[in-house]
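S.K.: Dropping a prediction and its sequence here:
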Amino acid sequence: MFNEYSSKRQRMVETQLLTRGIKDPRVIAAMRKVPRHLFLDEALWPEAYEDHPVPIGEKQTISQPYIVAVMTEALKLSGTEKILEIGTGSGYQAAILAELAEQVYSIERLPSIAKRARKILDELKYANIVITIGDGTLGWKEHSPYDGIIVTAASPYPPKALLDQLKVGGRLIIPIGDEFTQDLTLYLRESNEDYNKESYGGCRFVKLIGEQGWRE
Ligand code: SAH
């Protein structure tokens with residue numbers, strides 16, 4: 001369907017992602033496809049494709065498109081993966097993951113936010129996303145181990161449960177730092193005990209609040 005938002009979305013991909021070095025063709029295709037504006041309140045649709053985060057209620061935000069692309073690309077998805085997301089938020093990142101992996105599990109701590117995300121994801125017919133309400137810093141053991149884990153809230157350190165629930169060869173991408181600024185950090189599980197750590201640049205997320213994150 002071609003409309004005003006579809007052309008804004010194509011422009012977003014070209015000016016914010018391609019020019020800044022996003023290369024994975026599957027990530028680019030997913031971001032050209034998923035109707036990001038529908039994950040926001042209608043009053044905010046005009047801002048949906050701008051180069052910054054947008055409020056989604058309860059003092060939370062949908063991430064900037066470029067950050068969604070960087071984090072998704074870092075997971076190196078081929079289509080067969082089982083992914084865990086911490087911080088469902090609007091559901092937009094989950095939809096991008098659902099386009100690129102086989103199955104997405106997503107945990108959100110705020111019930112009202114989770115409910116809205118579920119509604120739009122159902123309307124868009126994403127059948128490979130399961131959302132639960134809870135403390136994502138503890139992971140979701142039942143479906144572990146995961147090929148990839150993505151944390152879309154800022155943490156002072158990587159939660160141990162998430163490192164544990166990663167497959168050998170699996171990737172955890174998470175913003176690590178203080179309340180105001182973080183480094184997007186990738187932990188690649190090289191063996192049962194060894195993780196290789198790599199930085200993907202600066203960012204600013206809302207706090208990950210839980211047993212293995214920030215206390216409120
Ligand atoms: N991925 C989202 C953006 C998330 S904003 C999107 O695409 O829109 C961060 C979200 O993390 C918020 O909704 C917040 O409530 C949630 N959150 C914070 N701490 C959490 C925790 N311990 N477990 C699960 N969700 C958490």
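M.R.: Perfect, I can see it now. Numbering: from 1, shown residues only.
S.K.: C-alpha only now, for contacts and for neighbours.
M.R.: Fine.
S.K.: Write out the residues of this protein neighbouring the ligand.
M.R.: 60-63, 86-93, 107-110, 134-137, 152-153, 206-210 (CA under 6 Å from any ligand atom).
S.K.: and these, which are buried?
M.R.: Neighbour-count burial (16 or more other CA atoms under 10 Å) is assigned, among the residues of the chain next to the ligand, to 60-63, 86-93, 107-109, 134-137, 152-153, 206-210.
S.K.: Please state the mean pLDDT value computed over stretch 84-102.
M.R.: For stretch 84-102, the mean pLDDT works out to 98.
S.K.: Let me see the backbone angles for the closest residue to I113 other than its chain neighbours.
M.R.: Nearest residue to I113, sequence neighbours excluded (CA to CA, 6 or more residues apart in numbering): G89, at 6.0 Å. Backbone torsions of G89, given as degrees, to the nearest 10, read phi 50, psi -130.
S.K.: Go ahead and confirm G89 touches R118.
M.R.: No. Contact criterion CA atoms under 8 Å: G89 and R118 do not qualify, at 10.1 Å.
S.K.: distance between the ends of stretch 177-192?
M.R.: In stretch 177-192, first residue to last residue: 25 Å (CA to CA, to the nearest Å).
S.K.: tell me how far the helix ranked longest in the chain is from the chain's mean position?
M.R.: For the chain, the longest helix by residue count, based on DSSP state H, is helix 111-123. The chain centre lies 15 Å from the centre of helix 111-123; the measure is CA atoms, centre = their mean, to the nearest Å.
S.K.: quick one: buried residues of it?
M.R.: Buried-residue list, helix 111-123, by 16+ other CA under 10 Å: 113-118, 120-121.
S.K.: Would you map the strands across this protein?
M.R.: For the chain, applying DSSP state E gives strands covering 54-57, 60-62, 82-86, 103-108, 129-133, 146-151, 166-177, 182-189, 195-203.
S.K.: okay if I get those strands as CSV plus distance to V70?
M.R.: Shown next, in CSV, are the strands of the chain (distance: least, CA to CA, whole Å):
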stretch, distance to V70
strand 54-57, 18
strand 60-62, 14
strand 82-86, 15
strand 103-108, 18
strand 129-133, 21
strand 146-151, 11
strand 166-177, 10
strand 182-189, 9
strand 195-203, 8
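S.K.: what residue lies at the spatial centre of the protein?
M.R.: Q93 (4.2 Å; CA atoms, centre = their mean).
S.K.: Can you list the helices and strands that the longest helix of the chain packs against?
M.R.: strand 129-133 (3 or more CA pairs under 8 Å, 6 or more residues apart in numbering; DSSP states H and E).
S.K.: residues making contact with the strand it packs on?
M.R.: Here strand 129-133 makes contact (CA atoms under 8 Å, 6 or more residues apart in numbering) with 88, 94-95, 98, 103-111, 114, 118.
S.K.: same question, stretch 51-67
M.R.: Taking CA under 8 Å, 6+ apart as the rule, stretch 51-67 contacts 12, 16-17, 40-41, 44, 47-50, 89-90, 92, 113, 152, 203, 205-206.
S.K.: Can you get me the start-to-end distance on that stretch?
M.R.: End to end - CA to CA - stretch 51-67 spans 10 Å.
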